[in-house]
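> below are the sequence and a predicted model for it; my questions follow.
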Amino acid sequence: MTTAPPQEQRRLLDLQALDTSLARLAHQRRTLPVLATLAELEGRGEDLHRAQVEAKTLAADTRRELTKAESDVEQVRARAARHQATLDSGKGLSRELVALQSELGQLADRQAVLEEIQLEVMERLEAAEARVAELDAQERAVAADVERHTAERDAAFAEIDAETGRIRAERDELAARLDAELLDLYEYARSRTGGLGVVALRGHRTEGAQIDFSLSELAAIDAAAPDEVLVSEEHGYVLVRLEADATSGRA
């Protein structure tokens, strides 16, 4: 059986209040709304990056396609220019000149087809490059949002961490003044219950957690000496007795 002066037992309520504050701050740090915003922005950034890679690949492929189309047009133009120069010189046999004239017509038709292809590729390249520019603007906007929200997160973290440090120092100072056996009992109760180690008891009524005592437990509570440390049989909480009519029983 663990024993401790009533005043020492009541200090567990102060310790529990500090531990509860630390748990609240830890939960607050994990669940800051800005964290969800940053996660959403990260996902958006990844989607944009993938889209940008695809858009740049398409633009590069289309640019190569345009280079080939321009080369095809230039080859036809050069051949037509040579034939035209030969015709203009008037040199050569008449049948050769007639053949050149016929081929010039064919080259003109071919050039018109190739220029249509070139124009269509240019339009696709313009659209692809516009898409790249649009995605680049979106990526910059997302990056700016990430930077802004990261600063907001870091400021919130700094505030929470400072408060956590202050409370933890107060908690450590209080724990160091407690009886080691009493502290171990409290820590063991917290480990079993997930954080709540001590519950205030006024008469037969608990505060901080609802506990329904059996008749035998109530009898044991009534019969316990003031320095006896009570523990809930069913829940494992340390029970700290306070005066039933007191407004504040902490020391």
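Sure thing, it's come through.
> any idea which element the residue nearest the centre of the chain lies in?
Most central in the chain under Cα atoms, centre = their mean is residue 39, positioned 2.3 Å from the mean C-alpha point. With elements taken from DSSP states H and E, the one containing residue 39 is helix 33-89.
> what's the helix or strand just after that helix packed up against?
Sequence-wise, the next helix or strand downstream of helix 33-89 (DSSP H and E) is helix 94-177. Judged by 3 or more Cβ pairs under 8 Å, 6 or more residues apart in numbering; DSSP states H and E, helix 94-177 is in contact with helix 6-30, helix 33-89. C-beta: built from backbone N, CA, C; applies to glycine.
> give me the mean pLDDT for helix 94-177.
Mean per-residue pLDDT for helix 94-177: 94.
> looking at the helices and strands packed on helix 94-177, which is closest to residue 154?
helix 33-89 (9.6 Å; Cβ to Cβ).
> how is the chain divided into domains?
Under the assignment automatic domain parsing, the domains of the chain span 6-27+179-242, 32-161.
> residues near residue 62, how many?
Using other Cβ atoms under 10 Å, residue 62 has 19 neighbouring residues.
> which non-adjacent residue is nearest it?
The shortest distance from residue 62 to any non-neighbouring residue, by Cβ to Cβ, 6 or more residues apart in numbering, is to residue 125 (4.4 Å).
> who's in contact with the one you found?
Contacts for residue 125 (Cβ atoms under 8 Å, 6 or more residues apart in numbering) come out as 59, 62-63, 65-66.
> got it, and residue 160?
Residue 160 makes contact with 25, 28-29 under the criterion Cβ under 8 Å, 6+ apart.
> ok so, going back, can you tell me which of the domains of the chain is most buried?
domain 6-27+179-242 (a mean of 16; mean count of other Cβ atoms under 10 Å).
> first to last residue in it, what's the distance?
Distance across domain 6-27+179-242, first residue to last, is 9 Å (Cα to Cα, to the nearest Å).
> what's next to stretch 188-198, contact-wise?
Taking contacts as Cβ under 8 Å, 6+ apart, the residues outside stretch 188-198 that touch it are 12-13, 15-16, 19-20, 23, 186-187, 208-209, 231, 235-240.
> then stretch 12-25?
160, 163-164, 167-168, 170-171, 174-175, 178, 182, 186, 190, 195-198, 200, 208, 238, 240, 249-250.
> not counting its neighbours along the chain, what's nearest residue 238?
The spatial neighbour of residue 238 that comes closest, neighbours along the chain excluded (Cβ to Cβ, 6+ apart), is residue 198 at 4.4 Å.
> check the gap between residue 81 and residue 87 for me.
Counting by Cβ to Cβ, to the nearest Å, the gap from residue 81 to residue 87 is 11 Å.
> before we move on, back to that, could you export the contacts of residue 160 as a markdown table, including pLDDT and distance to residue 213?
Shown next, in a markdown table, are those (pLDDT from 0 to 100; distance: Cβ to Cβ, whole Å):
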| residue | pLDDT | distance to residue 213 |
| --- | --- | --- |
| 25 | 98 | 33 |
| 28 | 97 | 34 |
| 29 | 97 | 37 |
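> fine by me, we can end here.
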